[in-house]
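give me the fold of what follows.
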Amino acid sequence: QVQLVESGGGLVQAGGSLRLSCAASGRAFSSYGLGWFRQAPGKEREFVAAITRAGGSSYYADSVKGRFTISRDNAKNTMYLQMNNLKPEDTAVYYCAARPTLTNLTVRIHTRYIYWGQGTQVTVSS
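Predicted coordinates:
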C-alpha cells in the first residue's frame, strides 16, 4: 500500500510558475507508475501527466504539453510537477495517484489508479 501527500499548491498570477510535490510513504515506491490529475469545480477529474516506474517515459495532456514537466526521485519517494506559464484555466485541485503499471490505454483514465492523495489547490489569477 502507498500513502500519497501533495504539497506546493497556492495562488499565482497568470504566467507564473509553481512546483507541486507528491510524497509517498509505504512500500516499493519505485514499483508504481504515478500520475497527476486535476479537478475544477463542476468539472470531471482530468488527466494532467504521468510517469512510469523508473521515470523513463512520461505522458501529458495536450493542454499542458510544453508548459508542465513531470519527474520523480525514487530515492526520495517523491514525484514532482513543474508548472510554468500558468493560465487561469489551470485552476483546480491537483491530485497525485499511483498504480502498479502504466499503459498507453490506461494512463489517462483516473478510475484505473488505485491510490490517491488528498489534493492541493492551485489558483491562477488573470
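
for the rest of this, base every contact and every neighbour count on C-alpha atoms.
OK.

for C22, which non-adjacent residue is spatially closest?
E6 (4.4 Å; CA to CA, 6 or more residues apart in numbering).

excluding sequence neighbours, find me the nearest residue to the residue most central in space within the chain.
Per CA atoms, centre = their mean, the C-alpha nearest to the average position across the chain is that of W36, at 2.1 Å. Excluding its sequence neighbours, the residue lying closest to W36 (CA to CA, 6+ apart) is C96, at 4.6 Å.

helix, strand or coil for the residue nearest to C22?
When classified by DSSP: H, G, I helix; E, B strand; the rest coil, E6 comes out as strand.

surely it touches V122?
No. With contacts counted by CA atoms under 8 Å, E6 stays clear of V122, the gap being 11.4 Å.

distance of Y113 relative to N85?
To N85, Y113 is 28 Å away according to CA to CA, to the nearest Å.

pretty sure N85 is touching G16, no?
Yes. Look at N85 against G16 with CA under 8 Å: they come within range, at 5.4 Å.

just to revisit the earlier point, which of Y113 and N85 has more neighbours?
Using other CA atoms under 10 Å as the criterion, Y113 and N85 rank with Y113 on top: 20 against 15.

I'd assumed A98 was in contact with the more buried one.
Yes. In this structure, Y113 is within contact of A98 by CA under 8 Å, at 5.6 Å.

neighbours of I70, just the number please.
24.

helix, strand or coil for it?
strand.

mind checking pLDDT for it?
I70 carries a pLDDT value of 98.

which residues touch it?
Under the criterion of CA atoms under 8 Å, 6 or more residues apart in numbering, the neighbours of I70 are 49-51, 58, 79-82.

got a quick ChimeraX command for the buried subset of the residues you listed?
Buried residues among the contacts of I70 (16 or more other CA atoms under 10 Å), as a ChimeraX selection:
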select :49,50,51,58,79,80,81
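
which stretches of the chain form strands?
2-7, 10-13, 18-26, 33-39, 46-51, 58-60, 68-73, 78-83, 92-99, 115-116, 120-125 (DSSP state E).
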